[in-house]
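>>> Just to be clear, the model below is a prediction. Sequence and coordinates:
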Amino acid sequence: MKINPFLVYAFLVLGFVACDTDDDPVVADSDDDDVTSADVTAANEAISEYDAEDNLYANLSIGGTITLTWSGSTVSAEGSADGVEMQVSGGDVTVQSTTDAVINYVLNGTSTDGSFKLYSETKSVVTLDNLTLTSQSSSAINCQSKKSLYVCLPSGSSSTLADASTYVAVPDSEDCKACLFSEGQIILCGTGTLQVTGNSQHAVASDDYLVVNDDPTLRVTSAVKDAVHVNDYVVIESGTLSLSGSGKDGIDTDGAIAVSGGEVTVRVTGASGKGIKSVGDFTMSGGTLTLTTSGAAEWESGSGTSVEYANAACLKTSGSMTLSGGTIQATSTGTAGRGVVIGGDFDLSGGTCTVQTSGAGYQYSSSCDYTAATGVKVGGNMTVTGGTLTSTVTGSGSKALKVAGKLVQSDGSVSAYASGSNLGSSGSSSGGMGGGFWGGSSSSSSSYSSSAKGVKVTGAIKVTGGKLYATSSKHEAIESKSTLDVTGGEVYGYSASDDGINASSHMTISGGFVCGYALNNDGLDANGNVYIKGGVIFAVGAGSPEVAIDANTESGYKLYVQGGTLMTVGPLESGASLSQTCYRASSWSKGTKYAVTVGDDTYVLTTPSASAGSGMVFSGASAPSVLSGVSVSGGTTYFEGVGSVVANGKVSGGSEVSLSKYSSSSSGWF
């Protein structure tokens, strides 16, 4: 954008008395939970050894079956096995197994005061055959073996487990923290249904790993802490998980998570709660995740830019995320809630991820920085080779897609929409709703801010294919804090108040279709040079002093038009180098379709219905011809909304537009 010298002076003077107004300090959000890279590496090691065949119930060789039937406060046993001893006290059963054989314990009946505890030196099976079991003193099922526990749900069966709110007489040497608990691995299998309530801590917990295969249904309706808590890793291959009512997280593991099938629905309402949380990597190749959080952000410690908040998130991994298949629907409605938070890299090659957040930004007090909602937050690099990501955020200060590293896209579709207002010094909005345990302040401080943006990338953006679309109502639609390079695909940035597409360094377009559309600033804006070498470019800029395409001439940089097909509403940056001839139309009509023909190709654009830059500029490999007031049918539509361009459709009607040569000496305002 053009800079008024008086405003520069005023800004510099104010800068000496104003505090830092960085719109998004990293330290304001505690998304890393103090997890180190070594923690992530260790978390990923265990899942690398996972073997699906070793965890199939069908591959077990059952060495004996014992059936236990509860009836009120009594329990009866049928069957026996060498090396298996049982102790029964009322409805409480304790089994000691020293056999090498795999024993299947079939549990059925009903008791409001019973439990099953197992000690075993080898793998075991617990078959829940229409069992209703509530403990008044401990877990409903407690496996103290470090070997695998297969929890089998027979076809057509429906079982219910509930634990005590306070556990009694737990040995100091034993861990027991869930209604369904195992020191070893839990393999949930079969095709029946299990409902679990965690009245003390978690509903289901394993101190090793959890696997869900076959086609079981697990329902958690209430848990004081996590619905599912796992120390090592979680593998979901099939089945149905419906997890709600947890006081903390839906699924929480210190390891990695791999989802290849099944249907998982998680609803979390607690403050700063997570739908799915892992220390290790999150990988998804199939299945469906429907994740909802409504909890508010909480202040944890500190003030100023060193303040730390805890934010709710639908899916959070401290490691990397790979999405190659399946469907994710993530919805966060709480104050400063997040959709997907990734500590490392994000590799999108397939599947569909749809994220929606609506929570307002949050400021604990006027002496603290803000925390704001984010649709998708990536702590490393993002690579897109396929798949579809759509992130929509409506809360104040929200960012639809935020990448700390580089964004490289060769295929697939990424759409990021931010319609919220800015916070603090970057806007006039208040601090949003109070949130967290202590409440919060709704008054904003000019010392701190958070800007609502479609796509913000700290590193470079490079697009060679696919679609990258973004809109923002109050700030840049697409922003790279480094370079932006487009050689193919479609890139569309629409902003109602700032630049359509912005690069803090150089911007190069040598292929593809690019649209930068801005109603109150520059369509395309770089703080370095802008190189137009190829592709099809449609840029719309606001009135003076803004332009359609802006290079930082104030610092000695320049706009270079060397190739491609260029169409703008509004002029080019003053002093541009035009090695490819450009042409100008001195005026344009609002809301009118213009057909621009260069060689064998014709592009139909629609001018803004509101005021924008003066005149139009056109350039191509050959001299363009332009018609005004046309109609178009068919063809291929690029971009969306007001920025749509139809290529090679059937054009009818219109009147010829008079063009004159646009030279570097006449660059800038007409």
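Great, that's in hand.
>>> so how far is G270 from E298?
10 Å (CB to CB, to the nearest Å). Where C-beta positions appear, they are placed from N, C-alpha and C, glycine not excepted.
>>> Comparing those two, which residue is more hemmed in?
Neighbours per residue, other CB atoms under 10 Å: of E298 and G270, the larger number sits with E298, 24 against 19.
>>> G454 is in what secondary structure piece?
G454 is part of strand 453-457 when elements are defined by DSSP states H and E.
>>> Could you list the low-pLDDT ranges of the stretch 301-450 of the chain?
425-446 (pLDDT under 70).
>>> What residues does K147 make contact with?
Listed by CB atoms under 8 Å, 6 or more residues apart in numbering, the contact partners of K147 are S120, E121, T122, K123, S124, G184, Q185.
>>> Just the buried residues of those.
The neighbour count (16 or more other CB atoms under 10 Å) marks S120, T122, K123, S124, G184, Q185 as buried among the contacts of K147.
>>> Closest one of those to E237?
Using CB to CB, Q185 comes nearest to E237 of the buried ones among the contacts of K147, at 14.2 Å.
>>> and A43, what element?
Here A43, judged by DSSP H and E, is contained in helix 37-47.
>>> which residues in the protein form helices?
5-15, 37-47 (DSSP state H).
>>> Outside of stretch 36-50 itself, which residues are in contact with it?
Against stretch 36-50 from outside (CB under 8 Å, 6+ apart): 209, 232-233, 235, 254-256, 258, 278-281, 318-319, 343-344.
>>> Just the buried subset of those, please.
Of those, these count as buried by 16+ other CB under 10 Å: 209, 232-233, 235, 254-256, 258, 278-281, 318-319, 343-344.
>>> Now flag whichever of those residues is closest to V536.
Nearest member of the buried ones among the contacts of stretch 36-50 to V536, counting by CB to CB, is G344, at 35.3 Å.
>>> Quick check: that closest one vs R338, distance?
16 Å.
>>> again with V540
32 Å.
>>> Provide a list of residues in contact with V632.
So V632 contacts K593, A595, V604, V646, G649, K650, V651, S652 (CB under 8 Å, 6+ apart).
>>> Take those and write them to a markdown table, including distance to T240.
Listed next are the contacts of V632 as a markdown table, based on distance: CB to CB, whole Å:
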| residue | distance to T240 |
| --- | --- |
| K593 | 50 |
| A595 | 54 |
| V604 | 49 |
| V646 | 45 |
| G649 | 47 |
| K650 | 50 |
| V651 | 53 |
| S652 | 54 |
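>>> which ones among those residues are found in strands?
K593, A595, V604, V646, K650, V651, S652 (DSSP state E).
>>> ok, and the most crowded of those?
V604 (25 neighbours).
>>> end to end, how far does stretch 327-344 reach?
Counting by CA to CA, to the nearest Å, you get 21 Å between the two ends of stretch 327-344.
>>> typo on my end, stretch 395-410
Termini of stretch 395-410 sit 30 Å apart (CA to CA).
>>> now it, how far from the centre of its chain.
Computed by CA atoms, centre = their mean, to the nearest Å, the separation of stretch 395-410 from the middle of its chain amounts to 9 Å.
>>> How about that stretch, which residues are buried there?
395-410.
>>> Max pairwise distance over these: which two?
Across these, no pair lies farther apart than S396 and S410, at 34.0 Å, counting by CB to CB.
>>> Just list the residues touching the residue of the chain positioned farthest from its centre, thanks.
Farthest-out residue of the chain from its mean C-alpha position, per CA atoms, centre = their mean: D82, at 52.9 Å. Each residue near D82 by CB under 8 Å, 6+ apart is listed here: T99, A101.
>>> 6 Å instead, please
Each residue near D82 by CB atoms under 6 Å, 6 or more residues apart in numbering is listed here: T99.
>>> could I get stretch 595-603 in CSV with only the CA atoms?
Extracted C-alpha coordinates of stretch 595-603, given in CSV (Å, rounded to 0.1, in the frame of the first residue of the first chain):
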residue,chain,number,x,y,z
ALA,A,595,-14.5,-10.5,-21.3
VAL,A,596,-10.7,-10.3,-21.8
THR,A,597,-9.3,-12.2,-24.8
VAL,A,598,-5.6,-13.0,-25.1
GLY,A,599,-4.8,-15.2,-28.1
ASP,A,600,-7.1,-18.2,-28.0
ASP,A,601,-8.2,-17.7,-24.4
THR,A,602,-11.0,-15.6,-23.0
TYR,A,603,-11.5,-14.8,-19.4
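>>> Same question for it: list its buried residues.
Buried residues in stretch 595-603 (16+ other CB under 10 Å): A595, V596, T597, V598, T602, Y603.
>>> Name the residues that touch that stretch?
In contact with stretch 595-603 (CB under 6 Å, 6+ apart) are residues 565, 567, 604, 618, 620, 622, 624-627, 630, 645, 647-648, 651.
>>> That's all I had, so thanks and see you.
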